[in-house]
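Engineer: prediction below, plus the sequence it came from.
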Amino acid sequence: MIYKKLLIFSFFIASLPTQVFATNDADPLQTVYESRGDLQSAFNVDGTPVGNAAGFLMNLKDWARQYGWQEYPELISYAPLTVPPSRLQPTSYQLQPPTSSMYIVIDNASGAILAAEHAEEPWPIASITKLMTASVALDSGIDAGGTGSIVAADDVGGARLNVFSGTTFTTRDLLAATLVGSANNAANAIARMTGFSRESFVEKMNAYAALLGMTRAHFVDPTGIELGNTANAREVAALARSAFGRENIRKFAGSSTTHIAALSDAAYIRDIKSTNWLLYDHAYDDLYVTAGKTGFLNESGWNLVVELHPMHDDDTHRSLTIVTLGAAGRRESFDDAAALARWTWGNFEWR
């Protein structure tokens with residue numbers, strides 16, 4: 001019982017952002033770091049990665065959570081509370097190469113990375129950026145039960161609500177349009193409702209990314225329409241884990257449709273269908289999607305982050321977070337995620 005309580009407390013501490021900890025000689029992870037040249041080549045003294053030398057790992061603590069605790073008893077505080085799934089031998093399900101250039105599969109219960117390909121490479125994540133926008137806006141104190149308007153300056157092209165400048169909506173409807181329909185002008189309206197200038201809001205996006213350990217990510221606008229919004233697959237998974245943990249984001253990220261109505265225009269009433277086909281296409285009826293977000297630019301291809309578990313898995317213990325970036329087509333993006341989920345469930349055992 002004492003060990004269990006210690007492990008629970010230690011896991012909570014280990015899950016806190018990197019910046020919480022000061023580097024000191026008493027830290028067992030620091031001691032391990034100083035004894036291993038390979039870790040020193042992959043991570044800076046402050047724990048941040050050295051270029052791509054650390055692969056998909058976000059920081060030194062990420063290494064400790066994924067691998068270090070299994071090698072060093074003194075790093076037991078980084079062990080997950082849940083035993084990670086184990087690879088079956090021989091494997092029974094073969095994975096066809098996804099069209100997505102980059103992907104990662106993470107077991108949600110333990111945080112273990114089960115599969116990855118080029119998951120360390122930065123990529124324009126397009127409208128997945130909106131998960132960061134909604135997170136920062138909610139943290140900045142926008143009234144989730146209030147109202148806001150869309151103005152002409154919010155329109156930057158791409159997906160949008162086709163309304164006149166000054167049309168007002170509830171904050172709930174603007175969040176819904178942002179996360180379900182991926183409307184760019186709604187995302188800009190949400191950011192503007194914080195009272196911060198565009199430049200200040202983007203600064204807060206990057207500050208929040210740093211807090212999550214997304215040291216290789218960069219954001220330049222709230223919608224994702226700019227190519228400068230970049231992150232790697234591992235970082236997108238970390239952003240999604242944080243964003244999907246918020247009820248005001250999760251409820252829309254898991255909705256196949258949403259109903260919105262303008263407050264200042266009685267004629268504007270719309271049912272918006274999610275851009276995430278996994279939520280309603282019968283080709284994926286074996287998947288239970290709890291949250292997700294898509295993103296597309298001509299230059300980036302089709303991007304997706306999704307949280308899901310098997311449709312008939314009542315206890316959800318096989319829940320996964322899957323990120324695919326740079327798929328060749330829209331259908332291929334969803335097919336890649338579905339194939340990765342099915343392959344993982346067929347090749348790993350949960351205990």
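Structural biologist: Nice, thanks for sending it over.
Engineer: residues contacting the residue nearest to W63 when sequence neighbours are not counted?
Structural biologist: Using C-beta to C-beta, 6 or more residues apart in numbering and skipping the chain neighbours, the partner closest in space to W63 is L57 (5.1 Å). Bear in mind the C-beta positions are built from the backbone N, C-alpha and C, glycine included. Going by C-beta atoms under 8 Å, 6 or more residues apart in numbering, L57 touches 42, 49, 63, 66, 120, 234.
Engineer: isn't the first one up against N52?
Structural biologist: No. Taking C-beta atoms under 8 Å as the definition, A42 is not a contact partner of N52, at 9.4 Å.
Engineer: tell me which of those two has more neighbours.
Structural biologist: A42 (19 against 14; other C-beta atoms under 10 Å).
Engineer: can you pull the contacts of the more buried one?
Structural biologist: Per C-beta under 8 Å, 6+ apart, neighbours of A42: 49-50, 53-55, 57, 63.
Engineer: next: L138.
Structural biologist: L138 touches 144, 246, 248-249, counting by C-beta under 8 Å, 6+ apart.
Engineer: from those, which would you call buried?
Structural biologist: 248-249 (16 or more other C-beta atoms under 10 Å).
Engineer: what strand or helix carries E203?
Structural biologist: helix 198-211 (DSSP states H and E).
Engineer: related to what we said a few turns ago, roughly how far does the residue nearest to W63 sit from V50?
Structural biologist: 11 Å (C-beta to C-beta, to the nearest Å).
Engineer: go on, R192?
Structural biologist: For R192, the distance to V50 - C-beta to C-beta - is 38 Å.
Engineer: next one: H312
Structural biologist: Counting by C-beta to C-beta - H312 and V50 are separated by 44 Å.
Engineer: more neighbours, those two?
Structural biologist: A count of neighbours by other C-beta under 10 Å puts V50 above the other of H312 and V50, at 11 against 7.
Engineer: wait, H118 sits on M102?
Structural biologist: Yes. With contacts counted by C-beta under 8 Å, H118 reaches M102, the gap being 4.3 Å.
Engineer: which residues are common contacts for the two?
Structural biologist: A233.
Engineer: give me the more crowded residue out of the two.
Structural biologist: M102 (24 against 18).
Engineer: okay, and the beta partners of that one?
Structural biologist: M102 has the following beta-bridge partners by DSSP bridges: L325.
Engineer: list the contacts of it.
Structural biologist: 117-119, 121, 123, 232-233, 323-326.
Engineer: out of the residues you listed, which comes closest to P97?
Structural biologist: Of all these, E117 has the smallest distance to P97: 8.9 Å, by C-beta to C-beta.
Engineer: next one: that closest one from N232, what distance?
Structural biologist: For E117, the distance to N232 - C-beta to C-beta - is 11 Å.
Engineer: who has more neighbours, the two?
Structural biologist: Ranked by neighbour count (other C-beta under 10 Å), E117 and N232 place N232 first, with 25 against 17.
Engineer: for burial, what's the neighbour tally of the residue lying closest to D139 once chain neighbours are set aside?
Structural biologist: The shortest distance from D139 to any non-neighbouring residue, by C-beta to C-beta, 6+ apart, is to Y208 (7.2 Å). Counted with other C-beta under 10 Å, the neighbours of Y208 add up to 18.
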